[in-house]
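> what follows is a predicted protein model with its sequence.
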Amino acid sequence: MTPSDQGRRGRLTVYLGAAPGVGKTYAMLGEAHRRAARGTDVVVGYVETHDRVHTVGQVEGLEVVPRRTVTYRGATFTEMDTEAVIARRPAVVLVDELAHTNVPGSRHEKRAQDVEEIRAAGIDVITTVNIQHLESLNDEVERITGVRQRETVPDEVVRTAEQIQLVDMSPDALRRRMAHGNIYRAENVDASLASYFRVGNLTALRELALLWLADRVDAALGDYRRAHRIAEPWPAKERIVVAVTGGPESETLLRRGARLAQRAAGAELLAVHVIATDGLRGTDERRLARSQQLVATLGGTFHAVAADDVPAAVVDFATGVNATMVVVGVSRHGRVRRLFAGTTGDRIASLAGAIDVHLVTHDHVARLTRTRSTLSPLSPLRQGIGWALAVLLPVALGAALHEVAATDDLPLATLLLLAATVLVALVGGLMPALLAALVAFVTLNVWFTPPFDSLTIAEPRNAVTLAVFLAVAAAVATVVDRASRRAAESVRTRTEAATMGALSRSVLTGQDTAEAIVAKVREVFGQDAVALLERSGAGWATVARSGEGDAGSPEAGRTRAEVDADHVLVLCGEPLRASDRRVLEAFAVQTSLVLEYRRLRAREERAAALESAESTTTAILRAVSHDLRTPLATMRASVDGLLVGGLDAEDRAALVESVDDATDQLERLINNLLDLSRLQTGVLRPVLRDLSLVEVLPLAVAGHPPGAVRLELDEATPLVRTDPGLVERVVANVLGNAVRVSRGAPVRVLVHAGPTNVDVLVVDQGPGVPAAERERMFEPFQRLSDTGGGGLGLGLAVARGLTEAVGGALSAEDTPGGGLTLVLTLPRAVPGGAEAGAEAEAGAGLASPTAAEVAR
């Protein structure tokens, strides 16, 4: 350090890291090498390398001030030796980790205090800190990462730095650096990538660093503008200034300004209230206090300035804070005052220059004298006809009366012209009717009131008559127009009510679809085409469409109604009237309900599928743990017995038979599980052909002991169209179940041919199944009261699934005399031409087994 540096305060340079591991320490050491190469006296006061090879290599070649040893609770720690650094008096010292908390017993509690002491000695300091260690961002960092930072540094310490360098890196690049082992040890990499170093966390931290540094740069820009007396605003950052009067519209303006500020990241909201210096203009202090509270809630700041010229004061304030937009409300004054005195918004717009002015309407704007009630609901054509009749009809009627009747017949003319006025009111509405009344008044005065052909009225009673006529005509026209309006409103209300009722019924009954809604919208509003569009990436996809026309994007339609953030209704055709927008909004709400119903239904179907899969998995696991273990245990015991040796031929035959039986049982269980899996996944593809049941049923019966099953099959039975292998499996499963429950009585297999189907009846004399339980017994893993068979309860479920796969049906009926009859229905083979009809008739003539035959 040179003698000229004595007495000055050291400069502070901060390398600000967007996240741990971005390389701020490495960058600081690189800066130290560059300064040392230029001849600057640089030393290392404290650098934490974390045993990173590249960082350790950067320290080489730099003078390192030895650290001071501190003992705390029996452990030894090292800290920066601040006294040694000051005694060394270098030009620049490197101090890593500015937010570090020193070990108790050190000279200062925080390393930032060590840095302040070094700077007070006139030594420049280069230091590092991560964005998550700034005090003002501690809460935000905890919400993002879930980690509370114990070591923080006040923002003002960093803001006093003469230079701040942001060390940044994209999240993906930082994660790659982490995965390569350049930040943490290998054993900590996976845990860090899955927690703190997630892409979302790193992106949010990066944004915090950029916004915080942008504020610092913006403050520097303000200092520069003030130092160089630059009056024009520089729109480097979005600043919204809201002009608050303290009136009832202030809260509306503040909320609108907050929404505008939210559209730009990092934008500021400022509210300004101008206080009149003359003290004549009063302000509602309670409303102004509420406005101040609202500004604070919205994250903005409230400012008050004193001035006589309100628009100029607002513009001066906006220019001073470098604002980009001024939000001002529409004047609450009437039209006369606005005409002669102008409005504050107009004057602000004329004075703002490069600053944008956003004029906001509100509920307290002075209403125009022409209200909605005076606007005619009639079509322009009817209004045009009404105006024409208002002029022509009274003149024509008066001229006709003047020619054919006595000129002094004033009562008759009055009544006829009054009727003409009513007619005009019915056709054209109020305003044409008033014109008709005025024309009729002039007609009566000229042709039917002496002196004739003159506007002069000689007798006072005639003047009263004409005045009363004009008043009555205007009153009648008003009543007729109002009645016409009420009738039109009533029709429109009934139409809307009917439409709303139809929509409500469709919601309650769940019959609505997106296609039905767009078709209804097209029908109700008479549009050429209507489409429901869904946002898809950068474009739009069509969910439902009705009609012909280009409705592939929101811009293609004449009318649009937003359903939600991602869906919009687009109408191609004539633009809608304002009164129809309400009904269209109802359709939009209905569409949102339909879309939500779709989402809920899809979610319910997924949940049901998951529940079914879970129950199937649970049942399979139960089967593996019990039902499959039984035949496996039998096979293992038999094989162990065979391996022991010393058995006679009879014992060996018995063990082999046990293995064979257990193998058959295991094979049946596995086949049923595989069949059920194929049925549930839809991969089963039957091969259908015409065949005779003589080919199938004997094979299905063959596996049972003699006398257990009695097959009664006529060789003349018609052909069926089915898959022989699958039908054999169905009959085998049904027979196996029937033989097991028939208590030794033989199971009968009968065949009945109908006109279009052939029924295979499997009749047992077992305990039977109650009618309420018959459908449940066809569900997987259902054994009902049969718990001792050692099966999975899959036989009947697989049988019904296979039957439905080949186009048949499987049902259960009572057996007369006790027991259960399972009916397998298969479609008959139908060859083409006349032979099909003859064969069908011949087959239809086969006798059906009677109840007595079944009972035998």
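Thanks, I have the structure now. Numbering: from 1, shown residues only.
> and Asn130, its phi and psi?
Main-chain torsions, Asn130, degrees, to the nearest 10: phi -90, psi 150.
> what sits opposite it in the beta ladder?
Gly17 (DSSP bridges).
> so how far is Val44 from it?
Asn130 sits 20 Å away from Val44, going by Cβ to Cβ, to the nearest Å. Backbone N, C-alpha and C define where each C-beta goes, glycine included.
> buried residues in stretch 45-54?
In terms of neighbour count (16 or more other Cβ atoms under 10 Å), stretch 45-54 has its buried residues at Gly45, Tyr46, Val47, Thr49, Arg52.
> excluding chain neighbours, what is closest to the fourth one?
In this case it means Thr49. Leaving aside its sequence neighbours, Thr49 sits nearest to Thr55 (Cβ to Cβ, 6 or more residues apart in numbering; 4.3 Å).
> what mean pLDDT does stretch 563-583 get?
Here stretch 563-583 scores 76 as its mean pLDDT.
> and it, end to end?
End-to-end span of stretch 563-583 (Cα to Cα, to the nearest Å): 13 Å.
> which of the helices or strands spans the residue nearest to Thr49?
helix 53-59 (DSSP states H and E).
> for the closest residue in space to Thr101 that isn't next to it in sequence, give me its contacts.
Residue nearest to Thr101 in three dimensions, not counting chain neighbours: Glu151, with 5.2 Å by Cβ to Cβ, 6+ apart. By Cβ atoms under 8 Å, 6 or more residues apart in numbering, the contact list for Glu151 reads Ala99, His100, Thr101, His133.
> state the phi and psi torsions of Glu151.
The phi/psi pair for Glu151 (degrees, to the nearest 10) is phi -100, psi 110.
> residues contacting the helix holding Thr55, please?
Under Cβ under 8 Å, 6+ apart, the answer for helix 53-59 is Thr25, Tyr26, Leu29, Gly30, His33, Val44, Val47, Thr49, Asn182.
> please name the nearest non-neighbouring residue to the fourth one.
I take that to be Gly30. Gly30 sits nearest to Gln58 (Cβ to Cβ, 6+ apart), 6.7 Å away.
> circling back to that earlier point, next, give me the two most distant ones among the contacts of Glu151.
By the measure Cβ to Cβ, Thr101 and His133 form the most distant pair in the contacts of Glu151, at 10.6 Å.
> what about these two, which has more around it?
Using other Cβ atoms under 10 Å, the more surrounded residue of Thr101 and His133 is His133, with 23 against 16.
> re the thing from before, who has more neighbours, Asn130 and Val44?
When Asn130 and Val44 are compared on other Cβ under 10 Å, the one with more neighbours turns out to be Asn130, at 25 against 20.
> next up, the contacts around the more buried one.
Taking Cβ under 8 Å, 6+ apart, we find Asn130 in contact with Leu16, Gly17, Ala18, Ala19, Pro20, Lys24, Ala99.
> nearest to Gly547 among the contacts of helix 53-59?
Nearest to Gly547 among these is Asn182, at 61.4 Å by Cβ to Cβ.
> how about stretch 116-124: buried residues?
Buried residues in stretch 116-124 (16+ other Cβ under 10 Å): Glu116, Glu117, Ile118, Arg119, Ala121, Gly122, Ile123, Asp124.
> list of residues touching it?
Contacts of stretch 116-124 (Cβ under 8 Å, 6+ apart): 1, 5-13, 45, 82, 85-86, 89-93, 95, 107-108, 125, 157.
> out of those, which sit inside strands?
Leu12, Thr13, Gly45, Val92, Val93, Val95, Val125 (DSSP state E).
> could I get the residues you listed as TSV with pLDDT and distance to Thr513?
Listed next are the ones in strands among the contacts of stretch 116-124 as TSV, based on pLDDT from 0 to 100; distance: Cβ to Cβ, whole Å:
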residue	pLDDT	distance to Thr513
Leu12	94	67
Thr13	94	66
Gly45	94	73
Val92	95	74
Val93	96	74
Val95	95	69
Val125	95	70
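> closest one to Ala307 out of the residues you listed, please.
Leu12 (40.4 Å).
> low-confidence ranges in the stretch 701-850 of the chain?
703, 780-795, 831-850 (pLDDT under 70).
> now the strands for it?
709-711, 720-722, 747-753, 757-763, 809-814, 820-827 (DSSP state E, counting those that start in this stretch).
> how about a markdown table for those strands, with distance to Val70 and mean neighbour count added?
Listed next are the strands of the stretch 701-850 of the chain as a markdown table, based on distance: least, Cβ to Cβ, whole Å; neighbours: other Cβ atoms under 10 Å:
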| stretch | distance to Val70 | mean neighbour count |
| --- | --- | --- |
| strand 709-711 | 94 | 17 |
| strand 720-722 | 90 | 24 |
| strand 747-753 | 93 | 22 |
| strand 757-763 | 91 | 22 |
| strand 809-814 | 86 | 16 |
| strand 820-827 | 89 | 21 |
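> nearest to Ala425, of those?
Nearest of the strands of the stretch 701-850 of the chain (Cβ to Cβ): strand 809-814, 72.7 Å.
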